[in-house]
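A.B. asks: predicted coordinates and the sequence they were generated for:
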Amino acid sequence: MELWYAEQHTDTVEFRIKVKEQICHQESPFQKIDFFKSEEFGTFFTLDGLMMVNEKDEFVYHDMISHIPLAVNPYIKNVLVIGGGDGGTVRELTRYKTIEKIDMVEIDEMVVRACQKYLPLTSSQLTDERVNLYFEDGIKFLEGIENKYDLILVDSTDPIGPGEGLFSVSFYTNCYKALTDNGILINQHESPYYERDAREMKRAHKKIKDLFPISKVYQFHMPTYPSGHWLFGFASKALDPIEDVKFDEWRKFALKTKYYNEDLHIGCFALPTFVKEMLEDVSE
Ligand code: SAM
């Protein structure tokens, strides 16, 4: 008997992966957690029936969420990751020996424990001594924090379920307050392609643009996310991701990266016309 994992990308579009076996099903107070093994993507896991991380393309997402801000500000010392329970974002951050402290706030401890069991390479650096794990709501965690973090990475689920508040004005306002003067916020910015994702992309962009003097969007190619065309937001009080990038400094880290490179750093901020128009639309 053949086993297939199927995910609705829209009401009329379905994405399917042939599965060798399902290795875990759990229900936490927040979401349904499933792990599968597949020929093409290796081990992958889903939350509430949506692809989160798989062994084959996770390097794309984790390179792009972490190395872009570190090349713009290589002096980052204090980082906050919100969500990111699989540990891939923290794994990339720990490659920078100059980072002194990484707080990771994940609402669902069961996600972290399952990833440590079934995705050991992705979660391998969660035990780094600079990493402090907090199992609580990232929205509450940020309340009242001022001028503390050089970088905040919002490695969240979509704006449904526990991730919904991570796309709100009050959350972005608290991010702004919690950042230092050169602080950078990177957020999961959804996708411009299918209507539902594009609506969330525009809503997030409007809120961030109204708060931060510098607010850009960059793209990357994620084969297992709806349409494969996905975005992160780059917002800062002071640093522009292209004008202020410090490649000479970044090169000194001598990191080998599989997706990120200097050409791509510049190129990923060049957006297709239809995306530019959607984003300009919300700015007017
Ligand atoms: N790369 C993935 C993607 O975009 O599909 C997301 C990675 S990570 C698994 C997302 C994590 O965000 C989940 O483990 C989820 O539990 C966590 N999360 C959702 N809402 C949260 C909240 N309010 N506070 C902290 N973590 C949250």
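C.D. replies: Noted; the coordinates are in hand.

A.B. asks: what sits against the closest residue to the ligand within the chain?
C.D. replies: Per C-beta to the nearest ligand atom, Gly83 is where the chain lies closest to the ligand, at 2.7 Å. C-beta: built from backbone N, CA, C; applies to glycine. Neighbouring residues of Gly83 by C-beta atoms under 8 Å, 6 or more residues apart in numbering: 105-107, 138, 154-157, 163, 166, 188.

A.B. asks: can you put these in JSON lines and add distance to the ligand, pLDDT and neighbour count?
C.D. replies: Shown next, in JSON lines, are those (distance: C-beta to the nearest ligand atom, whole Å; pLDDT from 0 to 100; neighbours: other C-beta atoms under 10 Å):
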{"residue": "Val105", "distance to the ligand": "5", "pLDDT": "98", "neighbour count": "20"}
{"residue": "Glu106", "distance to the ligand": "5", "pLDDT": "98", "neighbour count": "24"}
{"residue": "Ile107", "distance to the ligand": "4", "pLDDT": "97", "neighbour count": "26"}
{"residue": "Gly138", "distance to the ligand": "3", "pLDDT": "97", "neighbour count": "27"}
{"residue": "Val154", "distance to the ligand": "9", "pLDDT": "97", "neighbour count": "26"}
{"residue": "Asp155", "distance to the ligand": "5", "pLDDT": "97", "neighbour count": "27"}
{"residue": "Ser156", "distance to the ligand": "5", "pLDDT": "92", "neighbour count": "20"}
{"residue": "Thr157", "distance to the ligand": "5", "pLDDT": "89", "neighbour count": "22"}
{"residue": "Gly163", "distance to the ligand": "4", "pLDDT": "88", "neighbour count": "21"}
{"residue": "Leu166", "distance to the ligand": "5", "pLDDT": "91", "neighbour count": "25"}
{"residue": "Gln188", "distance to the ligand": "5", "pLDDT": "94", "neighbour count": "25"}
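
A.B. asks: where do the helices sit along the stretch 151-284 of the chain?
C.D. replies: 169-178, 195-211, 247-251, 262-267, 273-283 (DSSP state H, counting those that start in this stretch).

A.B. asks: let me see the residues that make contact with the fourth one.
C.D. replies: Counting contacts by C-beta under 8 Å, 6+ apart, the residues outside helix 262-267 that touch it are 67-68, 71, 241-242, 245, 247, 250.

A.B. asks: what is the most widely separated pair among those residues?
C.D. replies: His67 and Ile242 (14.5 Å; C-beta to C-beta).

A.B. asks: those two: who's more crowded?
C.D. replies: Just comparing His67 and Ile242: by other C-beta atoms under 10 Å the higher neighbour count belongs to His67, 23 against 13.

A.B. asks: which ones among the contacts of Gly83 map onto strands?
C.D. replies: Per DSSP state E, strands hold the following members of the contacts of Gly83: 105, 154-155, 188.

A.B. asks: what is the nearest of the residues you listed to Tyr260?
C.D. replies: Closest approach between these and Tyr260, by C-beta to C-beta: Asp155, at 15.8 Å.

A.B. asks: please name the nearest non-neighbouring residue to that closest one.
C.D. replies: Excluding its sequence neighbours, the residue lying closest to Asp155 (C-beta to C-beta, 6 or more residues apart in numbering) is Gly84, at 3.5 Å.

A.B. asks: same thing with Leu231?
C.D. replies: His189 (4.0 Å).

A.B. asks: for Lys209, see how far away that neighbour is.
C.D. replies: Distance, His189 to Lys209, by C-beta to C-beta, to the nearest Å: 12 Å.

A.B. asks: and those two? which has more neighbours close in?
C.D. replies: The neighbour count for His189 versus Lys209, taken as other C-beta under 10 Å, is higher for His189 (23 against 19).

A.B. asks: run through the residues that contact the more buried one.
C.D. replies: Contacts of His189 (C-beta under 8 Å, 6+ apart): 201, 204-205, 217, 230-233.

A.B. asks: just Phe269 next, same as before
C.D. replies: 216-218, 234, 241-242.
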